[in-house]
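# Sequence plus the predicted model coming up.
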Amino acid sequence: MRIIAGSAGGRRLIAPDTRDTRPVTDRAREAVFSSLGSRVEGAIVADLYAGSGSFGLESLSRGAVSATFVESGRKALAALAKNIEVLGIGGTVVASPVRPFLERCKERFDLVFIDPPWPLVTEELEADFRLLDELLKPEGEVVASRRHSDRAPQPPETWRVATDKRYGDTRIFRYKKENEGR
């Protein structure tokens, strides 16, 4: 696993040694960032269920102004801290389960990555979406990964599905929040 492009392009990342962490492949991440294009530059990013931090770190490498990594697993936090240290491109780590973080967060995000453990049921992810709806800026985007056989998570009414793509065992959904003034 590596950073695909940007200031840290080609640099290797370490993944936590745990059954619950299953990093998205480089190929899938490359496709996601290709579809996001210039949206990443200058973005305020959240990487929820961060694991190794590959989505947030890729964002920082490509010009995001900040990335908040939310993770609760001890081994994942250790790998994440090491990746941030080795790359030296910044980021803020919040050692917390995602739901309590979303309930108390005051920051608003342009771009949010959600890569939860596959055992997380879709209804729990949809509950995260409802909390996240208030934290997502108008025209913000959410990228969520799921096991390809899982039911597609239903977004809040203010979001639309921009893409739904499969990469091996992983399915990546990209949601866009509609500008409320339209």
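Sure thing, it's come through.
# C-alpha only now, for contacts and for neighbours.
OK.
# Show me the residue sitting in the middle of the chain in space.
By C-alpha atoms, centre = their mean, the mean C-alpha position of the chain lies nearest to Phe113, the distance being 1.8 Å.
# which ones are touching it?
Val45, Ala46, Asp47, Leu48, Phe55, Gly56, Val142, Val143, Ala144 (C-alpha atoms under 8 Å, 6 or more residues apart in numbering).
# Which helix or strand contains the last one?
Read it as Ala144. strand 136-147 (DSSP states H and E).
# quick one: contacts for Asn83?
Counting by C-alpha under 8 Å, 6+ apart, Asn83 has contacts Leu13, Ile14, Ser52, Gly53.
# Per-residue pLDDT of the third one, please?
The confidence metric pLDDT takes the value 93 at Ser52.
# Once you drop chain neighbours, what's closest to it?
Among residues not flanking Ser52 along the chain, Leu80 sits closest, at 4.7 Å (C-alpha to C-alpha, 6 or more residues apart in numbering).
# I'd like to know how many residues surround the one you found.
25 (other C-alpha atoms under 10 Å).
# and it, that one's in a helix?
Yes. Counting by DSSP: H, G, I helix; E, B strand; the rest coil, Leu80 falls inside a helix.
# doesn't Gly51 make contact with it?
Yes. The pair Leu80 / Gly51 is scored as a contact, 6.6 Å apart, by C-alpha atoms under 8 Å.
# ok, which stretches of this protein are helices?
With helices called from DSSP state H, the chain shows them at 26-36, 54-61, 74-87, 98-104, 122-133.
# Packing partners of the second one?
This points to helix 54-61. Helices and strands touching helix 54-61, by 3 or more C-alpha pairs under 8 Å, 6 or more residues apart in numbering; DSSP states H and E, are strand 44-48, strand 66-71.
# The longest one - which strands sit beside it in the sheet, and in what orientation?
The strands that strand 66-71 pairs with in its sheet are strand 44-48 (parallel), strand 92-95 (parallel) (by DSSP bridges).
# For Glu134, find the nearest of those strands.
strand 44-48 (13.7 Å; C-alpha to C-alpha).
# among the strands paired with strand 66-71, which is the most enclosed?
Of all the strands paired with strand 66-71, strand 44-48 has the most neighbours on average by mean count of other C-alpha atoms under 10 Å, namely a mean of 26.
# what angle do that one and helix 122-133 make?
Put simply, strand 44-48 runs at 160 degrees to helix 122-133, going by axes from the mean of the first three to the mean of the last three C-alpha atoms, to 10 degrees.
# Only C-alpha atoms, please: export strand 44-48 in PDB.
Presented in PDB, the C-alpha positions along strand 44-48 are these (Å, rounded to 0.1, in the frame of the first residue of the first chain):
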ATOM      1  CA  ILE A  44     -10.900  20.100   4.700                       C
ATOM      2  CA  VAL A  45     -11.000  16.300   4.900                       C
ATOM      3  CA  ALA A  46     -12.300  13.800   7.500                       C
ATOM      4  CA  ASP A  47     -11.100  10.100   7.300                       C
ATOM      5  CA  LEU A  48     -13.500   8.100   9.400                       C
END
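# No more questions from me, cheers.
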